[in-house]
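# Got a sequence here, can you build the structure:
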Amino acid sequence: MTAPVFPDEAPDEVMDAAFDWLSELNSGAPLPAERRRALTTWLEAQPAHADAFAEARGLWADLDWSEALNAAVLPAEPVATPDRRRLPRRETRSGRWKRWGAPAAVAAAMLGAVMIGPDLHRQVMAALWVRTVETATGPAEIRRIVLSDGSRVTLGGRSTLRVRMEDDRRKVELLEGDAFFDVAAAPQRPFTVAAGDLTVTVIGTAFEVNRGSRGAHVAVSRGRVRAASAESVAILTPGEAATVRPDGSLAVQTFDPASAGRWRDQRAAFRDAPLGQVVESLNRYHPAGVVLEDPSLADLPVTVAFRFDQMEIALTALAQGKGLSVRRDAAGRMVIGRKRGA
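Model (predicted):
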């Protein structure tokens, strides 16, 4: 049988059809036999059809507006949803399908999914759409994002977050920096945040996680979380925080729940914190950066609180109180060191 040809189709019409098939396949129900045949016919009709289907699938998964549907992130501020019919054509992450191999490959893959039963079909489609998405911020940037489950994340400066949503779990990894989570309740889908040696598991709550060179820290402002390290486990309630010690155990402290994630409001507060930890944190919010001239100062305990727009004034006052000096280097960085002759 010769496949029909669609000579008058415009590129937009082909993409429209590809998105329509994509939506139908992702509905959660298997296609009826006649629709399976129609899909096969359409895919085999022209290489452009299979190319469009592959590109539509990539756009659906890759673009910001569609990532919210497929375990990705979306700006929390209201945004206009792009018209899928006018989306720019672009390469998918995995590269374009080879033109002549695409029709048979797509047809086989789709038929393999649609000819199975409803339950297995949903599993296949879920696996098809599971994606790992990574987002990062620059210096002094604070970004608010919404995950596909409705959970909200505020990401601090110089921070990197990796998100993976699955049918039965929600997995997030903080690779670096600060993140505050307000997790949507979903008892059947635990929400897990990994930050180095620290793993935090919740169902629905609000908490902050920090990850730096000195380890990871979690502080709970609402609900309950399970914090686990290589050596110990702790159940934390509002006003409790945990830090992973060098030996892998957890150190649990109390704090004011309202102070969690102060950086979201352009503020910072440290109490008896090592100066090295303070500097590392401030580097996420100071455009040029802050450095310690003498590494031995890293363990010096300091207490300081300030707004980000007063950071330099506060650091100068802190340094004077500790017998230190603050200067700018050629790169514009704030350099904290010992006073000459001290």
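
# The helix or strand where residue 145 lies packs against which elements?
Taking DSSP states H and E as the criterion, residue 145 maps to strand 143-147. Packing partners of strand 143-147 (3 or more Cβ pairs under 8 Å, 6 or more residues apart in numbering; DSSP states H and E): strand 73-75, strand 152-155. C-beta here means a position set from N, CA and C on the backbone, and glycine is covered the same way.

# if you set the cut-off to 10 Å instead, what comes out?
Contact analysis of strand 143-147 by 3 or more Cβ pairs under 10 Å, 6 or more residues apart in numbering; DSSP states H and E lists helix 64-67, strand 73-75, strand 132-136, strand 152-155, strand 160-165, strand 170-182 as its packing neighbours.

# Within the sheet, what are the partner strands of that strand, with directions?
strand 73-75 (antiparallel), strand 152-155 (antiparallel) (DSSP bridges).

# Now tell me which of the ones you listed the model trusts least on average.
The stretch with the lowest mean pLDDT among those is strand 73-75, at a mean of 36.

# what's the closest non-adjacent residue to residue 278?
residue 270 (5.2 Å; Cβ to Cβ, 6 or more residues apart in numbering).

# Let me know how buried the one you found is, in neighbour terms.
Using other Cβ atoms under 10 Å, the number of residues around residue 270 comes to 18.

# give me the beta-bridge partners of it?
Per DSSP bridges, the residues bridged to residue 270 are residue 304.

# Can you name the residues that contact it?
The neighbours of residue 270, taking Cβ atoms under 10 Å, 6 or more residues apart in numbering as the test, are 277-278, 281-282, 301-306, 318.

# Can you flag which of the residues you listed belong to helices?
Mapping the contacts of residue 270 onto helices (DSSP state H) picks out 277-278, 281-282, 318.

# Domain-wise, how is this structure divided?
Using automatic domain parsing, the domain ranges for the chain come out as 11-129, 132-259, 266-338.

# which of the ones you listed sits most buried?
Among the domains of the chain, ranked by average contacts under mean count of other Cβ atoms under 10 Å, first place goes to domain 132-259 (a mean of 18).

# Quick one: end-to-end length of that domain, please.
31 Å (Cα to Cα, to the nearest Å).

# And stretch 275-289, by the same measure?
With Cα to Cα as the measure, stretch 275-289 spans 14 Å from end to end.

# Ok, stretch 259-278 next?
Stretch 259-278 has its terminal residues 16 Å apart, counting by Cα to Cα.

# chain center to that stretch: distance?
22 Å (Cα atoms, centre = their mean, to the nearest Å).

# ok, now stretch 321-338?
Relative to its parent chain, stretch 321-338 has a centroid offset of 34 Å by Cα atoms, centre = their mean.

# what about it, start to end distance?
In stretch 321-338, first residue to last residue: 12 Å (Cα to Cα).

# With stretch 34-53 instead?
19 Å.

# go on, stretch 282-289?
8 Å.

# avg pLDDT for that stretch?
Mean predicted lDDT for stretch 282-289 stands at 89.

# Identify all contacting residues around that stretch.
By Cβ under 10 Å, 6+ apart, the surrounding residues in contact with stretch 282-289 are 137-142, 156-159, 176-178, 210, 212, 263, 266, 268, 270, 279, 290-291, 304, 306, 308, 311-312, 314-315, 328-329, 331-335.

# rerun that using 7 Å as the cut-off
The contact list for stretch 282-289, computed with Cβ atoms under 7 Å, 6 or more residues apart in numbering, reads 139-140, 156-159, 177-178, 263, 268, 290, 308, 311, 331-334.

# Stretch 307-325 now?
Contact with stretch 307-325 is made by 266-268, 282, 285-286, 300, 302, 304, 306, 326, 334, 336-339, 342, as judged by Cβ under 7 Å, 6+ apart.

# go with 10 Å
The set of residues external to stretch 307-325 that reach it, using Cβ under 10 Å, 6+ apart, is 140, 142, 157, 262-263, 265-268, 270, 275, 278-279, 282, 285-286, 290, 292-294, 297, 300-306, 326-328, 334-340, 342.

# Of these, which belong to strands?
267-268, 270, 290, 292, 301-306, 326-328, 334-338 (DSSP state E).

# Helices along this structure, start to end?
Assigned by DSSP H, the helices in the chain fall at 11-25, 33-45, 47-62, 64-67, 102-114, 118-129, 275-282, 311-321.

# For residue 256, give its distance to residue 205.
Taking Cβ to Cβ, to the nearest Å as the measure, residue 256 falls 17 Å from residue 205.

# Would you enumerate the residues in contact with the closest residue to residue 159 other than its chain neighbours?
With sequence-adjacent residues excluded and distances taken as Cβ to Cβ, 6+ apart, residue 159 is closest to residue 177, at 2.5 Å. Residues counted as contacts of residue 177 (Cβ under 10 Å, 6+ apart) are 136-137, 155-161, 195, 209-212, 263, 280-281, 283-284.
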